[in-house]
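>>> need coordinates for the below:
(one chain, ligands or ions: 1)
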Amino acid sequence: MDEKKVMLSGIQPSGDLHLGNYLGAIKTWVDRTEEFDNYYFMADMHTITVRQNPADLRRRTLEQLALYIACGLDPEKNTLFIQSHVHQHAELGWVLQCYTMFGELSRMTQFKDKSAKHKENINGGLFAYPSLMAADILLYQPDLVPVGEDQKQHCELTRDVAQRFNSIYGDVFKVPEPYIPKAGARVMSLNAPDSKMSKSLPEGCIFLMEKPEDIQRKFKRAITDSDTENCVRFDPAAKPGVSNLMSIYSAITGRTFEQIEAEFAGCGYGAFKPAVGEAVVECLRPIREEATRILADKAYLESVYKAGAEKASYVANKTLRKVYKKLGFVAR
Ligand code: TRP
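Residues are numbered from 1 along each chain as shown. Here you go, the predicted model:
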């Protein structure tokens with residue numbers, strides 16, 4: 001059991017979890033639970049780089065945990081925790097800021113994007129965020145870090161920082177590999193299929209806790225392609241809208257694109273869109289119901305995040321002690 005490789009990832013509770021988070025991330029974590037020793041956390045400390053409403057942040061953090069469990073992440077087999085409950089993240093985050101270069105942080109595309117979007121609040125945390133993310137990762141000495149394409153640059157920076165630190169102080173950190181799940185799981189916005197599904201495009205985004213009728217409405221209004229063919233065929237370049245719907249349908253039903261093309265041969269988009277909507281509604285129904293049940297059981301939820309924080313702190317602390325010693329901090 002000790003030989004299992006370590007896998008770690010986190011999602012910021014800055015928006016409600018959606019189908020892209022589920023099919024692109026959480027589902028792949030669930031599928032690989034047995035293979036790895038797993039750490040998954042709510043990255044609440046990262047969210048405050050942008051102003052948050054405190055009540056919403058608290059609700060979303062707990063809802064995210066309930067959804068992780070409802071999606072199938074068994075708390076007995078996955079260490080599920082809230083980032084701010086494990087103080088070693090903040091501590092190592094500070095240390096690693098001192099080993100991350102101003103130039104490196106300036107080159108991060110997410111920093112450039114977010115500072116363009118929030119011109120009134122370009123704060124130090126927004127800039128230094130990748131150092132905290134490096135700490136999140138390196139504390140647990142993971143082998144694999146599953147992330148979306150947009151986080152690849154931060155993972156590469158994490159590797160550079162780890163290597164830099166190791167070259168000065170010896171082998172302190174394992175240098176992790178980013179793990180980008182296959183393209184099929186990359187869910188695009190239903191009404192802008194050239195953008196990733198995200199909460200900032202709510203009409204094209206299916207939230208995991210959303211009501212079935214709202215889900216169905218969004219699918220019926222999904223953009224299909226302006227070709228005259230009106231035929232369900234997988235071709236992401238020429239038919240991004242239909243291909244996205246096919247990817248969603250494939251990820252949920254396990255059917256291949258060929259099978260889906262055969263299933264809907266001669267049907268046109270008008271029949272295909274509600275069929276995908278129906279599959280999504282039925283896939284999310286038990287998840288939503290289970291999450292609602294878990295959210296009502298505050299004592300259970302608390303027992304999960306407390307046990308998770310305890311286990312995570314134990315591991316994180318081992319790494320942090322090693323780092324402090326190497327740096328020359330006097331032992332407590
Ligand atoms: N930065 C990630 C995002 O915005 C979330 C995150 C924070 C993360 N720390 C992490 C992901 C560590 C993987 C590993 O999506």
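
>>> how close does the closest residue to N38 other than its chain neighbours sit to S14?
Nearest non-adjacent residue to N38, counting by CB to CB, 6 or more residues apart in numbering: N78, 4.3 Å away. The C-beta positions use only the backbone N, C-alpha and C, and glycine is treated the same way. Separation of N78 from S14 (CB to CB, to the nearest Å): 22 Å.

>>> neighbour-wise, which of these two wins?
N78 (22 against 18; other CB atoms under 10 Å).

>>> quick check: the more buried one touching E35?
No: counting by CB atoms under 8 Å, N78 stays clear of E35, with 11.8 Å between them.

>>> tell me the SS of P13?
Following DSSP: H, G, I helix; E, B strand; the rest coil, we place P13 in the coil state.

>>> ok, it - contacts?
By CB atoms under 8 Å, 6 or more residues apart in numbering, the contact list for P13 reads M42, A43, D44, T47, L57, R60, T61, E63, Q64.

>>> so of these, which ones are in strands?
Secondary structure assignment (DSSP state E) places M42 from those within strands.

>>> what's the farthest-apart pair in the contacts of P13?
A43 and E63 (14.4 Å; CB to CB).

>>> and the helix or strand V161 falls within, what's buried?
Taking DSSP states H and E as the criterion, V161 maps to helix 152-169. By 16 or more other CB atoms under 10 Å, the buried positions in helix 152-169 come out as Q153, H154, C155, L157, T158, R159, D160, V161, A162, R164, F165.

>>> the ligand next: which of those are close?
Filtering the buried residues of helix 152-169 for neighbours of the ligand using CB under 6 Å from any ligand atom leaves H154.

>>> could you export the buried residues of helix 152-169 as TSV, including pLDDT?
Formatted as TSV, the buried residues of helix 152-169 follow (pLDDT from 0 to 100):
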residue	pLDDT
Q153	95
H154	96
C155	95
L157	97
T158	98
R159	97
D160	98
V161	98
A162	98
R164	98
F165	98
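
>>> near the ligand, which residues of this protein are found?
Checking the chain against the ligand by CB under 6 Å from any ligand atom, the hits are S9, G10, Q12, A43, H46, M133, D136, I137, V145, V147, Q151, H154.

>>> where does A90 fall, secondary structure wise?
With DSSP H and E as the criterion, A90 is inside helix 88-97.

>>> name the surrounding residues that touch the helix or strand just after that helix.
Next in sequence after helix 88-97, counting helices and strands by DSSP H and E, comes helix 102-106. Helix 102-106 is contacted by residues F111, F127, A128, P130, S131, L157, D160 when judged by CB under 8 Å, 6+ apart.

>>> which among those count as buried?
Buried, going by 16+ other CB under 10 Å: F111, F127, A128, P130, S131, L157, D160, out of the contacts of helix 102-106.

>>> and the two most separated of these?
Across the buried ones among the contacts of helix 102-106, the longest distance by CB to CB is 16.7 Å; it joins F127 and D160.

>>> the residue nearest to N38 and I11: what is the separation?
14 Å.

>>> check P75 too.
Counting by CB to CB, the gap from P75 to I11 is 16 Å.

>>> circling back: tell me the mean pLDDT over the helix holding A90?
Taken as a whole, helix 88-97 has an average pLDDT of 98.
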